[in-house]
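> here is my input; please provide its structure:
(chains A and B)
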Amino acid sequence: MIRVKNLTKRYGPVLAVDDITFDVEQGGVVGFLGPNGAGKTTAMRILTCYQPATSGSASIRGFDVFKQSLEVRRCVGYLPETAPLYPEMRVREYLHFRGKLRGMSYPERTKAIRHVSDRCWLGGFIDRPIGQLSKGMKQRVGLADAIMHSPEVLILDEPTLGLDPTQIRETRNLIKELGANHTVLLSSHILHEIEQTCYRTIIIAAGRIVASGSPEELRNQLSAQARVIAEMRGPPEEVEKSARSLDGVRNVEVSSSDGWVRLAIEPKPEHDVREDIFRLTSSKGWSLRELRREGATLEDFFVQVTAQQQDTQTR
Amino acid sequence: MRNITTMVQRELGAYFLSPIAYAVSAVFLFATGLAFALGTFRNGAEASLRSLIEFWIVVILVFVLPMLTMRLISEELRSGTIETLMTVPITEVEVVLGKFFGALVFYLILLATLLVYPIVLSIFGPVDAMLLVCNYIGLLLLGALYISVGLFFSAFTKHQIISVLLSFALLALMTFAAHGLAQTVDGWPKAVLQHLSVRTHFFDFVRGMVDMNHVVFFLTTTALFLFLTVKRVEMRRWQ
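Residues are numbered from 1 along each chain as shown, chains lettered A, B, ... in the order given. Okay, here's the model as predicted:
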């Protein structure tokens, strides 16, 4: 559905998007995750034909975003980050205007407006001037505009920005629902949001894709490297020595208090040492009171990969 | 075409909802009214709109029309609505033409209010209807040119003040300075400056003549500025 190949965008000397390649299949919600300034917005602007890329290509439904821009724009609904709107227009008037630009007839527009007004909770303020609305209301108007022509591809740049917690939850549910019939590309710098709504995540930092996969895959990728914490009662020197001799252990930190020895084990990649630890303690007769893998959330992963990325950038 | 109509409707709606348009219309009506009352409507004067159309309206339009056109594109650039606008299936040409005709229609409404003066004059003496038609054709062409210049500078910057000042400068130069400068030189520079002088081209319409040369001058210059505006809006994508 969305195909991006070696896409690069420079603003003068600044490299905003650096050679990214990815595919998004039809259906489902895909998350674009990255810190602020990572290049998410730029990538989305290229996909929606707002800006051309410096090099590389991108296509939506087989239409090239540069050469067949009008066809692309016809099948895409886009919500820019700030949800810019005309303050002097009323919400209904604005949606009619946008529908007309998309070639919808009057009955189609009326029907679509009724529909999106329900889905995006515009009912209370649909006849008020946009200039009087709060940030969250405007965000919902922008979202309503993006989905009103029921586009095959939805590109949403930080759709929950400025919403209150209830609205955030409702918007997330709405996006999940939309994922059933549309292909949604969603950007966010909030991990939690992506973890909840997306079946696939593309993590982008400093203009590059640093990781991609389902939340589970990313979590597994991370937990493979997570430290294992074990606490047991035994002679500290012997505990350390036998732990180090285990296959799959790269490094061990030892601390002890009250006769308990605490090991923080850094495993070699693709090794799970927990079972070995259990065998070790039971064979030696040491009692074991804690054995766990350190918390592996997407958040740690995110911090880790983006930090790595920034390191290589500064070098 | 459909998109152009949609844009025209939206721009007209924006005018009627904008306090600036009302303020500008008030200034226009006040200034033309003042020029009529002091210059034409007095004892012994000729029952003709000549001095009003020939000089005062031109001066007033140089100041009024840029104020009507300044926000057309620069406001979209400033508020970021250009992003939502250019990501629906609409071309830059349609956007620019839609905005141009939107402003032109609003200008025609302003022009229509001026009809009150010939009506007042007709009480005191015969008014030449054909002359009036020529005057209006001239004013329409003049206004279209001024709007295209204002629209161009509006696409130039997201600051409305800069856009309006640049439009004042260029319009004043084309309208008044070119004519003045032409008096100071001889030979071909004189001819060139006279050709560029908007007022020179406007004179015949004031006198009641529709010369195709002048019509072509106004239409081509307007088209040139509209073309430059489209190019300017397209350039934004590459920045």
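
> helix, strand, or coil at A:Ala211?
strand (DSSP: H, G, I helix; E, B strand; the rest coil).

> could you give the bridge partners of it?
A:Ile203 (DSSP bridges).

> where do the helices of chain B begin and end?
Assignment of helices within chain B using DSSP state H yields the ranges B:2-16, B:19-35, B:50-51, B:57-69, B:71-79, B:81-85, B:92-113, B:116-122, B:129-156, B:160-172, B:178-184, B:187-196, B:198-207, B:212-235.

> make TSV from those helices and add mean pLDDT and distance to chain A to it.
Every C-beta, even on glycine, is put in place using the N, C-alpha and C of the backbone. Compiled in TSV, the helices of chain B are given as follows (pLDDT from 0 to 100; distance: least, C-beta to the nearest C-beta, whole Å):
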stretch	mean pLDDT	distance to chain A
helix B:2-16	93	4
helix B:19-35	91	10
helix B:50-51	80	38
helix B:57-69	93	15
helix B:71-79	93	5
helix B:81-85	93	4
helix B:92-113	95	9
helix B:116-122	87	29
helix B:129-156	94	16
helix B:160-172	93	15
helix B:178-184	80	37
helix B:187-196	80	36
helix B:198-207	87	33
helix B:212-235	94	10
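
> pipe those into a markdown table and attach mean neighbour count per row.
Formatted as a markdown table, these follow (neighbours: other C-beta atoms under 10 Å in any protein chain shown):
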| stretch | mean neighbour count |
| --- | --- |
| helix B:2-16 | 18 |
| helix B:19-35 | 15 |
| helix B:50-51 | 16 |
| helix B:57-69 | 23 |
| helix B:71-79 | 21 |
| helix B:81-85 | 21 |
| helix B:92-113 | 20 |
| helix B:116-122 | 15 |
| helix B:129-156 | 23 |
| helix B:160-172 | 19 |
| helix B:178-184 | 14 |
| helix B:187-196 | 13 |
| helix B:198-207 | 20 |
| helix B:212-235 | 17 |
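
> for the stretch 51-200 of chain A, what spans make up the strands?
A:55-60, A:63-64, A:76-79, A:153-157, A:183-188, A:200-205 (DSSP state E, counting those that start in this stretch).

> of all those strands, which one comes closest to B:Ser48?
strand A:76-79 (56.8 Å; C-beta to C-beta).

> for that closest one, name the packing helices and strands.
helix A:135-147, strand A:153-157 (3 or more C-beta pairs under 8 Å, 6 or more residues apart in numbering or on different chains; DSSP states H and E).

> spit out the contact partners of the nearest residue to B:Tyr136 once chain neighbours are set aside.
Nearest non-adjacent residue to B:Tyr136, counting by C-beta to C-beta, 6 or more residues apart in numbering or on different chains: B:Leu111, 6.8 Å away. Shown in contact with B:Leu111 (C-beta atoms under 8 Å, 6 or more residues apart in numbering or on different chains): B:Tyr136, B:Leu139, B:Leu140, B:Gly143.

> quick one: the last one and B:Phe106, what's the gap?
Spelled out, it's B:Gly143. According to C-beta to C-beta, to the nearest Å, B:Gly143 stands 10 Å off from B:Phe106.

> for the residue of chain A found nearest chain B, phi and psi?
At 3.7 Å from chain B, A:Pro84 is the closest residue in chain A, using C-beta to the nearest C-beta. Geometry field for A:Pro84 lists phi and psi as phi -70, psi 140, criterion degrees, to the nearest 10.

> could you do A:Val252 as well?
phi -130, psi 140.

> on the pLDDT front, check the closest residue to A:Ile60 other than its chain neighbours for me.
Take A:Ile60 and drop its neighbours on the chain: the residue closest to it by C-beta to C-beta, 6+ apart is A:Val72, 5.0 Å away. With respect to pLDDT, A:Val72 scores 92.

> now A:Val72: how far from B:Leu141?
Counting by C-beta to C-beta, the gap from A:Val72 to B:Leu141 is 39 Å.

> ok, A:Arg227 - how many residues close by?
18 (other C-beta atoms under 10 Å in any protein chain shown).

> residues contacting the closest residue in space to it that isn't next to it in sequence?
Spatial nearest neighbour of A:Arg227, chain neighbours left out: A:Glu294 (4.7 Å); criterion: C-beta to C-beta, 6+ apart. A:Glu294 makes contact with A:Ala226, A:Arg227, A:Val228, A:Ile229 under the criterion C-beta under 8 Å, 6+ apart.
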